[in-house]
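Engineer: Provide a 3D model corresponding to the input given below.
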Amino acid sequence: MIQLTVAQLARAVGGRPVNVDPQLLITGGVVTDSRLAGPGAVFVAVRGERTDGHEHAEAAAAAGAALVVAERPVEAPHVLVEDSVVALGELAREVLARLRAEGSLRVVGLTGSVGKTTTKDVLAQVLAQAGPTVAPRESFNNEIGLPLTVLSATRETRYLVLEMGASGPGHIDYLTRIAPLDVAVVLVVGHAHMGGFGTIDAVARAKAEIVAGLRAGGTAVLNADDARVAAMAPAAPGTVTYFGRGEDADVRATDVTLDEEARPSFMLHTDASGVRARHDVHLALHGEHQVSNALAVAGAALALGLDAGAVAEALGSAQRVSAHRMAVTHRPDGVVVVDDAYNANPDSMGAALRAVAAMPARRRIAVVGEMLELGEEAERAHEDVGRLAAELGIDVLVAPGPTGEQVRRGAAGGPHTHCPADVDAAAALLGELLQEGDLVLLKGSNGSGVWRLAERLTESGGAAW
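Structural biologist: Reported below is the predicted structural model:
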């Protein structure tokens, strides 16, 4: 973070300094995990579901933290606030405003029901070719992760990439008030977190908050292939760039092909400032759905002034960064593991199944864990997963947990379906099933635990592509 005195920090967060010199200059970073605290750091004590940061204030101070932001008195120099999470956001807002005033920082945010983290990772790699870039670790996309990402930017940062998630109305609006955007990207509106929204139209309204969060003259980069996303254009205060597969899109793809590992190649067409260009792109990522993600990246990069040819080249060199997202591993025993187990909803589940259906294998085995937070749509959604797997020719389905029978009903007449009680039982089953030449997909919501099974299947060896 940039340098602030304790007094300046306290004013920014609406707090009161306690047992600390108000003129002390803070020069370290901001953390919410006391184990990450170092000399000069600010430790924000957050009350979580599993632990209360206030209980670790002394440990943070012992590690060198110069200041604690806390909701109650602690045994360390601190600034007392009403709400530590709100204070964290206010601090990020203040620091970002200072960085913008002092340099040429541009901020791009993205949201969508599917593909946010992978697209964020690729966008960060593309922008890094043009200047110092800061992006979130993993899925730092909420009221804690986003401010921490903002606070990791420095005076040298040229591009700040922010991922914005929402599990209910108003969440993205809150995030864009912390970090108003120069470019806002919307990938797709899908059936994620339906328990918190109720309807798909409510999801669309929540995602549209990112467009309303643009600064004056900012650019909205919208998916022309998703009618709900394209309909967000009137909320944009400035330019709208459309990406998609149709001829009317400003950034589009034609001639899409997949290699044997389902890695897409396509012709990238761009129309920026009246200049039309065509460039070949060969992605290192797996699945045809990555084409749309790549187009979104191209649209955002062009909106930030990058050259189309440089963008196409950078797209081709971009690699998977975050764990459990279409990570393909060859095991020494000849089994191929496709780990896409970080999270799941009906749209991302469908994309993953289509990706592995396009990959050569002796047998294609799909482990489909429970998709959480779907509300009243949950039963039908799990039946649809089984139905889609049957349509795509998946050979074996393994559906652990309470939704297994729903998947089996949907897959009736298709792949042989196993419904083990839990992930441990699924691991034992796969130990018996898997043979040389098999390809196995691991996919499920984070809470389903399928990601743990993915780690067990890959920890014994094999290099990720």
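Engineer: residues contacting the nearest residue to His269 once chain neighbours are set aside?
Structural biologist: Distances taken as Cβ to Cβ, 6 or more residues apart in numbering place Arg252 nearest to His269, at 4.9 Å, with adjacent residues excluded. Yep, even glycine has a C-beta here, placed from its N, CA and C like the rest. Neighbouring residues of Arg252 by Cβ atoms under 8 Å, 6 or more residues apart in numbering: 243-246, 268-269, 295.
Engineer: swap in Arg93?
Structural biologist: 12, 177-179.
Engineer: Name the nearest of those residues relative to Glu58.
Structural biologist: The closest of those to Glu58 turns out to be Ala12 (Cβ to Cβ; 24.5 Å).
Engineer: List the buried residues for the host helix or strand of that closest one?
Structural biologist: Ala12 is part of helix 6-13, with elements assigned from DSSP states H and E. Neighbour-count burial for helix 6-13 flags 6, 8-10, 12-13 (criterion: 16 or more other Cβ atoms under 10 Å).
Engineer: cool, stretch 292-307 as well?
Structural biologist: Here stretch 292-307 shows 292-304, 306-307 as buried, counting by 16+ other Cβ under 10 Å.
Engineer: go on, stretch 353-368?
Structural biologist: 353-359, 361, 364-368.
Engineer: need the strands for the stretch 351-465 of the chain, in chain order.
Structural biologist: 363-368, 396-398, 416-418, 438-443 (DSSP state E, counting those that start in this stretch).
Engineer: Let me have the ones you listed in a markdown table, extended by distance to Gln319 and mean pLDDT.
Structural biologist: Listed next are the strands of the stretch 351-465 of the chain as a markdown table, based on distance: least, Cβ to Cβ, whole Å; pLDDT from 0 to 100:
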| stretch | distance to Gln319 | mean pLDDT |
| --- | --- | --- |
| strand 363-368 | 24 | 97 |
| strand 396-398 | 29 | 97 |
| strand 416-418 | 34 | 95 |
| strand 438-443 | 20 | 97 |
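Engineer: Of all these, which one is nearest Tyr342?
Structural biologist: Proximity to Tyr342 (Cβ to Cβ) singles out strand 438-443 among the strands of the stretch 351-465 of the chain, at 9.2 Å.
Engineer: Run through who's touching the closest one.
Structural biologist: The contact list for strand 438-443, computed with Cβ under 8 Å, 6+ apart, reads 334-341, 344, 348-349, 352-353, 356, 359, 361-369, 430, 434, 450-451, 453-454, 457.
Engineer: circling back: now tabulate the contacts of Arg93 in CSV and tack on pLDDT.
Structural biologist: Output for the contacts of Arg93, formatted as CSV (pLDDT from 0 to 100):
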residue, pLDDT
Ala12, 97
Arg177, 98
Ile178, 98
Ala179, 98
